[in-house]
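Q: quick one, what's the 3D model for this:
(chains A, B, C and D)
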Protein chains: 2
Amino acid sequence: MARTRREAAREELTAQILELGRAHLAVEGAAGLSLRAIARDLGMVSSAVYRYVPSRDALLTLLIVDAYDALGAVAETAEARVARADLMGRFVAVAMAVRTWALEHPHEYALIYGSPVPGYAAPEATIGPASRVPTLLLTILAQMPEPAAGLAPAEAKVVRTAIAPLASSAAGGIPDERIARGLASWATLLGAVSLEVFGHLTNVVAPGQRTRRAFFEHQMREVAAGLGLG
Amino acid sequence: MARTRREAAREELTAQILELGRAHLAVEGAAGLSLRAIARDLGMVSSAVYRYVPSRDALLTLLIVDAYDALGAVAETAEARVARADLMGRFVAVAMAVRTWALEHPHEYALIYGSPVPGYAAPEATIGPASRVPTLLLTILAQMPEPAAGLAPAEAKVVRTAIAPLASSAAGGIPDERIARGLASWATLLGAVSLEVFGHLTNVVAPGQRTRRAFFEHQMREVAAGLGLG
DNA sequence: TGCATTTCGAGAGCAGTGCTCTCTATAGTG
DNA sequence: CACTATAGAGAGCACTGCTCTCGAAATGCA
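A: Predicted coordinates:
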């Protein structure tokens, strides 16, 4: 579809830069990502890559979007495999997918849920991909049967004003309290994954793929139960 | 107490380097921490600071220990203010202290609970300070009255093997299931703080000091309740 | 086809980084 | 007083992001 051969080459090269960026990121992390190294791999001089990418931070932003999308994709396909009526199963499937992806791509995970990169200021382009997983979880919450207890009036007000941004958008008809609990569950999920990926479970949770996976699944099942799922 | 005047100067300078490191870290984050900049502030040439600090990473490690200690200190004093019998109050006090400190020292928080720094490998020296807050929480758990339900045998085994490292150390007599729930609560706490400090609550939770603080406190109170406190 | 215009890549260069090595002045020690 | 350990300076290496200029090549237009 590329019209002129220049445009074709441009597309190709831009893709290669992104690909190499991904590879470097995976190996040595965001701190080790260097435009000059990418230029070397490409057989060109460093100044040339600036024709394709305006700055190192811009490349990092592209990789952030990339990471959000990759995570969103695995979460979505995992969730789609579970019977629609099995709300707890769907929640746990998302959680397991997030954990597995994070452990397989620790640097990418760190990029999106770890410390924000220096100069960064969450560019517009990231908000869409970033909300894929949360959206998935909200969808599950939306399909829960009615109940949910009631909060004391004072507490209810705190919650209502706090989650106003959410209530006015994605999470249309979900009761406030359930949204609040969902948010806490999301925090638990990310907190547990971060603890594991960032190495804070040493001497806390026994090492070993199987043990940790089973324990995480247990934790997530409990969280889901506390949420009123299943 | 410094014997020779050389040793006095050495201590003084080492302290100044650490202090300047802290200052630079607070302003521009770990990525912007530069030994050369510290040398400039000190009025000496860059190679001279290597007489006091073996490498940039070593300085970073010192600052990590520093951060763990600062966080541990504020959590401990906050917790100490609450009546011993008020277990939920103590838990919430710790949580609030962690959040407040993290928001006031985002870069230090990122250093310890965000993405691990490049070449790092949690040096021995950090494990003590790192466990101050968790120890606080475990102490609270240890003072809970007996109850706690029972897990299905299979689940119980998963939990027991997973938390074996903990059971054999700090958390002596605490029932397995409670430890597991405590760990999940710790994940929720850190997850919620990380989401806020790292800017993931934009368009999710309404901005504003008071709103967010109240909402976080509400969340933590719910977590504590789920834990069986209060 | 022929010419003007973009676009691209190379090269040099600036300012900054971590870190090493050598050299000199000085502080501490016998 | 002589000798040694140490501190700081200075130069230098290899690396980074990024800018600017310049020639060659691809493109658009007449």
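Q: neighbours of A:Val74, how many?
A: 19 (other CB atoms under 10 Å in any protein chain shown). Glycine gets a C-beta too; all of them are placed from N, C-alpha and C.
Q: swap in A:Ala31?
A: Neighbour tally, A:Ala31, other CB under 10 Å: 17.
Q: with A:Ala152 instead?
A: Neighbour number of A:Ala152 under other CB under 10 Å is 8.
Q: and it, how far from DNA strand C?
A: With distances taken as CB to the nearest atom of the strand, to the nearest Å, A:Ala152 is found 53 Å from DNA strand C.
Q: A:Leu103 too?
A: Shown here: A:Leu103 relative to DNA strand C, a distance of 28 Å by CB to the nearest atom of the strand.
Q: any idea how far that residue is from A:Arg213?
A: Going from A:Leu103 to A:Arg213 by CB to CB, to the nearest Å gives 9 Å.
Q: would you agree A:His24 is in contact with A:Ile38?
A: Yes: A:His24 lies in contact with A:Ile38 (CB atoms under 8 Å); the separation is 6.7 Å.
Q: quick one, which of these two is more surrounded?
A: Legend: neighbour count by other CB under 10 Å for A:His24 and A:Ile38, higher for A:Ile38 (24 against 21).
Q: now the more buried one: closest residue in space, sequence neighbours ignored.
A: A:Leu20 (4.7 Å; CB to CB, 6 or more residues apart in numbering or on different chains).
Q: hey, where'd the helices end up in chain A?
A: A:5-28, A:35-42, A:46-49, A:56-80, A:87-104, A:106-113, A:124-130, A:132-142, A:153-162, A:164-167, A:176-197, A:209-227 (DSSP state H).
Q: among those helices, which gets the worst mean confidence?
A: Looking at the helices of chain A, the lowest mean pLDDT belongs to helix A:124-130 (a mean of 86).
Q: coming back round to it: okay, now the residue nearest to A:Ile38: neighbour count?
A: 20.
Q: tell me how far it lies from B:Pro207.
A: Applying CB to CB, the value for A:Leu20 to B:Pro207 is 38 Å.
Q: rewinding a little: hang on, isn't the residue nearest to A:Ile38 packed against A:Ala39?
A: No: here A:Leu20 lies out of contact with A:Ala39, judged by CB under 8 Å, at a distance of 9.3 Å.
Q: in chain A, what residue lies closest to chain B?
A: Chain A approaches chain B most closely through A:Gly191 (2.7 Å), counting by CB to the nearest CB.
Q: residue contacts, the nearest residue in space to that residue that is not next to it in sequence?
A: Spatial nearest neighbour of A:Gly191, chain neighbours left out: B:Gly191 (2.7 Å); criterion: CB to CB, 6+ apart. Counting by CB atoms under 8 Å, 6 or more residues apart in numbering or on different chains, B:Gly191 touches A:186-192, A:194.
Q: which parts of stretch A:47-56 are buried?
A: Using 16 or more other CB atoms under 10 Å in any protein chain shown as the test for burial, stretch A:47-56 gives A:49, A:52-53, A:56.
Q: repeat for stretch A:193-212
A: A:193-198, A:200-201, A:203-206, A:211-212.
Q: now, which of those residues sits nearest DNA strand C?
A: Nearest to DNA strand C out of these is A:Phe198 (CB to the nearest atom of the strand; 21.7 Å).
Q: that closest one reaches A:Gly114, doesn't it?
A: Yes: using CB under 8 Å, A:Phe198 is in contact with A:Gly114, at 7.1 Å.
Q: got the residues of chain A near DNA strand D?
A: A:3-7, A:33-37, A:46-47, A:50, A:55-57 (CB under 7 Å from any atom of the strand).
Q: most widely separated two among those residues?
A: For the residues of chain A next to DNA strand D, the maximum inter-member distance is 32.6 Å, found between A:Arg3 and A:Ser34 (CB to CB).
Q: which of these two has more residues huddled nearby?
A: More neighbours surround A:Ser34 than the other of A:Arg3 and A:Ser34, with 14 against 7 (other CB under 10 Å).
Q: if I look at that one, how far off is DNA strand C?
A: For A:Ser34 relative to DNA strand C (CB to the nearest atom of the strand), the value is 10 Å.
Q: next up, the contacts around the closest residue to that residue other than its chain neighbours.
A: Using CB to CB, 6+ apart and skipping the chain neighbours, the partner closest in space to A:Ser34 is A:His24 (7.2 Å). Counting by CB under 8 Å, 6+ apart, A:His24 touches A:32-34, A:37-38.
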